[in-house]
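Enquirer: Model the structure of this input:
(chains A and B)
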Amino acid sequence: MEDPSSRTAHDGPPGQVARGGSKSGGPAAHGGPPGQAARGGSNSGGPAAHGGPPGQAARGGSDSETDVTREIKTHFRVCRFIMESGVKLGMRSVPVATACELYHRFFECVSLRVYEPYLVAMSCVYLAGKVEEQHLRTRDIINVSHRYFHNASAPLECDREFWELRDSVVQCELLILRQLDFHVSFRHPHKYLLHYLMSVKALVNRHAWTRTPVAETAWALLRDCYHGVMCIHHAPQHIAIATLYLALNSYGVEMPVGEREWWQVLCEDVTKEDINAVISDLLQLYDMEAKCV
Amino acid sequence: MDRDLLRQCLTHHGESLFNTLQCEQTENPDFQAVASDLAKATYERRGAGEGCSLVEQFIARKADILFCPTWRTAVPREDELEDEEATEPYAIMPPAELFMEVPFEERRAMLYRDLERGDAVVGRINNIREYGFFLTLLCAAGGLRRDIEDLELSALCHIKEIPSTGSHDDPLSYYQIGDLIRGGVKDLDRYQEKITVSLLPASLCPRLAHIKLGVVAREELPKHYSRGLRVANDTRETYERILRGCHGYHNPSVVEYLLGRAGVSDDRPPSLMRGLQSKHFHEEDFATVIRKKQSASWALKCVRSGVDHFKHGRHVEAMNEYNKALEIDTNNVEALVARGALYANKGGMMKAISDFELGLETCPDHRNAKKYLCQTLVERGKQLQEQEKFVTAEGLYRRALSLDDSYPEAQAALRRITDTIQKSIRLREEATAKETEKAKSGKTSAQKLRKILKDEKRMKKKRKRSSSSSSSSSSSSERPSLSPTSTTSSRRRSKKRRRKRGGSERGSQRRRRRSSKRSEEEEEEEEYPAPPNTSASFLYRQGFLGSGAGRGEGGEEGGEEEEEVVVDDRRISQLYSLSAASEDEGSEPRGGDGEGRRGRSFSSHGKGGRRRSRRGSSSESSAAREQGKARRRSGEGRRRSRGRSREEGRSSEEGRGRSREEGRRRSRGRSSEEGRSRGRSREEGRRRSRGRSSEEGRSSEEGRSSEEGRGRSREEGRRRSRGRSREEGRSSEEGRGRSREEGRSRGRSREDGRRRSTDEGRRRRKASPSSVESQRSRKSTVAAERPPACRRSSSGSLGQPAPPLAPPRRTSLDGGRLGHSQGHIPYIP
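Expert: Modelled structure (predicted):
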């Protein structure tokens, strides 16, 4: 809709949310001092106060690492942050997935150096709550994030800092909206996966099915795949089938064999290569966890 | 680790997975425990391919999660909801093997493997024999969702399995070839491949029990079957197309619904990431917990700045801060205590007490709350004592001692008040005795009659005025109601009363009965034909009139302040009703005697204030009393006068003042005493009390209610007098069980004390040959006890704000343990 405005968001970072241009070149784009994103630069406990373990890990990375892998790691950490916050905020899986997808899509067209990723993540959580009709309060989001960055710290006082954080989150939400041209609702694999599960379950002996935690595993895999950008690079049906495939495979569940495989039936255009691609992306994420945290 | 699952997995993946597992899970004792067991089996590798090694590595790495018994959260239940077919909360898809084109043999084998006894199937009748009919199975209707139409499955339904309809000898005559039948699988022979079905509902397994068996129409066939037919007829139909076309697919909450069916928790979602295991989430990191903590700390900040304001004497600002704190965090103990302290310093003892009590409710061990509450209770008790509300005061002291039984002030105060109560009882007795004597030497009946008539006229006027005041007061009583029931009941009662006013005596009686349903005893009293000229009736009336006269003096000033006092009293009684009730448990009624005693004790302590006013007016009252007597004597129906006086009493009270009510109440109390004495010298006593009570505005029963309904006396009266006197009346007979129920008889504990103290006096009285005499004399002494000026001043002080707490306490109150810090007022986003 408002193309010009979104363009401005692109070129010149609007509002206080964006980092100053002078900073953009620095390697501390995501490990930088906290509070960069917070308006007014109040120095402690900004939403971006990821001076904690994640930030340190980033700084500790060797120089030989390419920018790409560093960015992937950062995204992984931020998504981890989104998921943890989601659990603590009592978010359902779909809003969390939306938050992650918003985040990934936002940084797909914007450099990580320009915007503070954790602030964007907070705003994504807030926006996702609205999109998926599970409204969250900014106060809770700020509280949970603050505690995430300052482990076991006392909750924030109701002072200028708090209000600046809140302003930042709300401003950043507008920024995301404009950046994404207000395309903020996505088709997620969740619905597909659950229907596929019902169909596959009917193919398997019911006792064997209850004995095997396929549903839990597939759901966990699906949630975990939002740690990476795979959610925007693969079709939702493919992701659903791949997670289900991996779950069934993990437990060695035997499926009846006909002219066509069960996954071919569920989605017409999926190929074995697609499934393998999704699975290998997914498995990389699990490897990433060991490297990032 | 789940050994069976592991074995199943190893069977699928083969030897290489086992080796990887041994590498990855070397440190896992769980795996080592099962490893040797698993190693014995040999796994032939199948389905090998590239990419497999990655998957195997993943399985091996996550094996501790994947094969952990707690990983499986789904409960083994799959109840198919009755309305699932109709409402379709999710997309009900045709069986997948229909699209997969699984070979005939395999499908047939799968069906015989998976079909179970208790499942529902649908088939078409293809053959009817004398021993039953044969079905060709079309589809599974519950339990399984398989494509079985072309599997040429035949099932027998034996004639025994067809429910007979009674009139027909041959149940088979109902069925024809081609009928669609839904039946339950009764038996399944997997080797012979024979299926028998039944039409008896008992053949279905319990979770399918809602399915109806018998003939079905085509439209009733399961959705997955009818959708499957569409697929079979149209080769272009794909799984995805059907899925999108389904109504249930577009259900906005389909994800939640199916998650629930799958048994996956979305609150504690599963994850295979190490860092997202639910054991890493601590309760105190969750948003709700943080928010709670934060609210408390924000509220505390407000309290601090409030205390700061308070210290500098800015009480309004302090109150605003406290209220803000309570808005942020309801039931914040610190805020409640601080606000209570502020109230106490401003003289709002009752508000203070309720704040402290609320604070103690949420935090029973809060030291300051306890301490302040004790102090405030004693302070308020002293105020009440000054107003001669001994019973209430006593209750407060007791409550204070229940909080801190070594609190010296409360102990001392309680001792003092017990003494005072005893003394006052004695005085009363003497006064009554004197009054009776005085009454004997009365004026002539004509004079009395004249006076009474005059009085009546005046009362009527006042009554008109009073109706408005009564309504206002009733509404005011609702204001700070802590217990809704008591308020509404009082309102109801007062309404009734208003309605009844001016009605016939009969109506009033009915109403009375209704209102005092609980006290059979009282009703009985009412039934006695009270002789007009007995000394008892005379005495009673005397009391009433006296109070009526007294009203003139102290009445008008009372006003709103009084209401507040009443409200306070009610609150007190509400606050302490329970503790009092428990105390009363021990003392059982001792027949009419005990009852009487109790009633008396009431009147003596409880009505201190009233007594006072009464005392002031006693001289007038005696005159009025005599008039009343005369009137009665002169032949006016007892009844009439009674009714009238009742009304008058009512109206005058409202209109005029509490002093009168008090008088009445007092007299009421007296009447109960008399009732007791009645027990003793039955005829006389009864007659007397009856007469009295009737004239007095019947005060005890209805009078009570009316007063309550109206004035401030309303509450007090209600609670105290009603609860009490009624209970007593009642209790003797009913074992006072109900009084306990009513709970409001906080009065009880008081009564106990009272009773105790009164016992003496009563006994004394009993011993004396002419109890009437003694009563009379008692009354007169009471009246004479204090000069009118003194009386008035004391009654005036009733409504005045209570004196502030003593200075040392004040410092302790605001000092508290709250530091001071100025901060701006937070606002909750």
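Enquirer: Give me the buried stretch members for stretch B:99-115, please.
Expert: Residues B:99-100, B:102, B:107-108, B:110-112, B:114-115 are the ones in stretch B:99-115 that count as buried (16 or more other Cβ atoms under 10 Å in any protein chain shown). Just so you know, the C-beta spots here come from the backbone N, C-alpha and C atoms, and that holds for glycine as well.
Enquirer: is any part of it close to chain A?
Expert: Yes. Stretch B:99-115 reaches chain A (Cβ under 8 Å from any Cβ of the partner chain) through B:99-103, B:106-107, B:110, B:113-114.
Enquirer: Where helices are concerned, which of the residues you listed count?
Expert: B:99-100, B:106-107, B:110, B:113-114 (DSSP state H).
Enquirer: how close does the residue of the stretch 301-450 of chain B found nearest chain A sit to B:His315?
Expert: In the stretch 301-450 of chain B, the residue found nearest to chain A is B:Lys301; the distance is 7.3 Å by Cβ to the nearest Cβ. Per Cβ to Cβ, to the nearest Å, B:Lys301 is found 19 Å from B:His315.
Enquirer: Look at these two and report which has more neighbours.
Expert: Shown here are B:Lys301 and B:His315; by other Cβ atoms under 10 Å in any protein chain shown, B:Lys301 has more neighbours (23 against 14).
Enquirer: Assess the claim that that one and A:Glu157 are in contact.
Expert: Yes. Contact criterion Cβ atoms under 8 Å: B:Lys301 and A:Glu157 qualify, at 7.3 Å.
Enquirer: Let me see the contact set for B:Ile211.
Expert: B:120, B:141-142, B:182, B:184, B:204 (Cβ atoms under 8 Å, 6 or more residues apart in numbering or on different chains).
Enquirer: 6 Å - rerun?
Expert: Applying Cβ atoms under 6 Å, 6 or more residues apart in numbering or on different chains to B:Ile211 gives the contacts B:120, B:142.
Enquirer: which SS class is it?
Expert: Following DSSP: H, G, I helix; E, B strand; the rest coil, B:Ile211 is assigned to coil.
Enquirer: near chain A at all, stretch B:283-298?
Expert: Yes. Stretch B:283-298 is in contact with chain A by Cβ under 6 Å from any Cβ of the partner chain, via B:285-287, B:290, B:293-294, B:298.
Enquirer: Now a ChimeraX select for only the buried ones of these.
Expert: The ChimeraX selection below is limited to those of the residues of stretch B:283-298 next to chain A classed as buried (16+ other Cβ under 10 Å):
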select /B:285,286,287,290,294,298
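Enquirer: Name the nearest of the residues of stretch B:283-298 next to chain A relative to B:Lys382.
Expert: Lowest distance from B:Lys382 to the residues of stretch B:283-298 next to chain A (Cβ to Cβ) belongs to B:Trp298, with 37.6 Å.
Enquirer: Tell me if the closest one really is in a strand.
Expert: No. Looking at B:Trp298 with three-state DSSP, it is helix, so not inside a strand.
Enquirer: Please report the distance of the nearest residue to B:Ser164 once chain neighbours are set aside from B:Pro201.
Expert: Nearest residue to B:Ser164, sequence neighbours excluded (Cβ to Cβ, 6 or more residues apart in numbering or on different chains): B:Pro171, at 4.9 Å. As for B:Pro171, its distance to B:Pro201 is 15 Å (criterion: Cβ to Cβ).
Enquirer: just the helices in chain A please.
Expert: A:3-11, A:53-60, A:67-89, A:93-108, A:117-131, A:138-149, A:160-179, A:189-203, A:206-211, A:214-224, A:230-233, A:236-250, A:262-266, A:272-292.
Enquirer: ugh, wrong one, the stretch 351-500 of chain B
Expert: Using DSSP state H, counting those that start in this stretch, the helices of the stretch 351-500 of chain B run over B:367-386, B:390-403, B:408-440, B:445-478, B:484-500.
Enquirer: Would you mark the buried spots in the first one?
Expert: Spelled out, that is helix B:367-386. Neighbour counts using 16+ other Cβ under 10 Å place B:368-386 of helix B:367-386 among the buried residues.
Enquirer: Then stretch B:314-324?
Expert: Going by 16+ other Cβ under 10 Å, stretch B:314-324 has these buried residues: B:318-322, B:324.
Enquirer: Likewise for stretch A:286-293?
Expert: By neighbour count on 16+ other Cβ under 10 Å, the buried set for stretch A:286-293 is A:286, A:288-289, A:292.
Enquirer: does chain B sit close to stretch A:192-211?
Expert: Yes. Stretch A:192-211 is in contact with chain B by Cβ under 6 Å from any Cβ, via A:194-195, A:199, A:202-203, A:205, A:210.
Enquirer: Adding neighbour count, write those out as JSON lines.
Expert: Formatted as JSON lines, the residues of stretch A:192-211 next to chain B follow (neighbours: other Cβ atoms under 10 Å in any protein chain shown):
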{"residue": "A:Leu194", "neighbour count": "26"}
{"residue": "A:His195", "neighbour count": "24"}
{"residue": "A:Ser199", "neighbour count": "23"}
{"residue": "A:Ala202", "neighbour count": "21"}
{"residue": "A:Leu203", "neighbour count": "21"}
{"residue": "A:Asn205", "neighbour count": "16"}
{"residue": "A:Thr210", "neighbour count": "17"}
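Enquirer: Do the host helix or strand of B:Phe134 and chain A come into contact?
Expert: Applying DSSP states H and E as the criterion places B:Phe134 in strand B:132-142. No. Figure legend: strand B:132-142 not in contact with chain A (Cβ under 6 Å from any Cβ); closest approach 9.4 Å.
Enquirer: Now the element after that strand, going C-ward?
Expert: Next in sequence after strand B:132-142, counting helices and strands by DSSP H and E, comes strand B:154-158.
Enquirer: partners of that following strand, with directions?
Expert: As defined by DSSP bridges, the strand partners of strand B:154-158 come to strand B:132-142 (antiparallel), strand B:194-198 (parallel).
Enquirer: Could you export it as PDB, CA atoms only?
Expert: Taking Å, rounded to 0.1, in the frame of the first residue of the first chain, the C-alpha atoms of strand B:154-158 are listed here in PDB:
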ATOM      1  CA  SER B 154     -18.300 -60.300   4.000                       C
ATOM      2  CA  ALA B 155     -19.600 -60.200   7.500                       C
ATOM      3  CA  LEU B 156     -22.400 -62.300   9.200                       C
ATOM      4  CA  CYS B 157     -24.900 -60.800  11.400                       C
ATOM      5  CA  HIS B 158     -26.600 -63.600  13.400                       C
END
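Enquirer: For the nearest residue to A:Cys231 once chain neighbours are set aside, the count of nearby residues, please.
Expert: Counting by Cβ to Cβ, 6+ apart, A:Cys231 lies nearest to A:Glu101, which is 5.4 Å off, once chain neighbours are set aside. A:Glu101 has 23 neighbouring residues, counting by other Cβ under 10 Å.
Enquirer: how near is A:Glu101 to A:Ser168?
Expert: 22 Å.
Enquirer: if we can go back for a sec, out of the residues of stretch B:283-298 next to chain A, which are inside helices?
Expert: Counting by DSSP H, the part of the residues of stretch B:283-298 next to chain A found in helices is B:287, B:290, B:293-294, B:298.
Enquirer: Helix, strand, or coil at the residue lying closest to B:Lys62 once chain neighbours are set aside?
Expert: Distances taken as Cβ to Cβ, 6+ apart put B:Leu272 closest to B:Lys62, at 5.3 Å, once the chain neighbours are dropped. Following three-state DSSP, we place B:Leu272 in the coil state.
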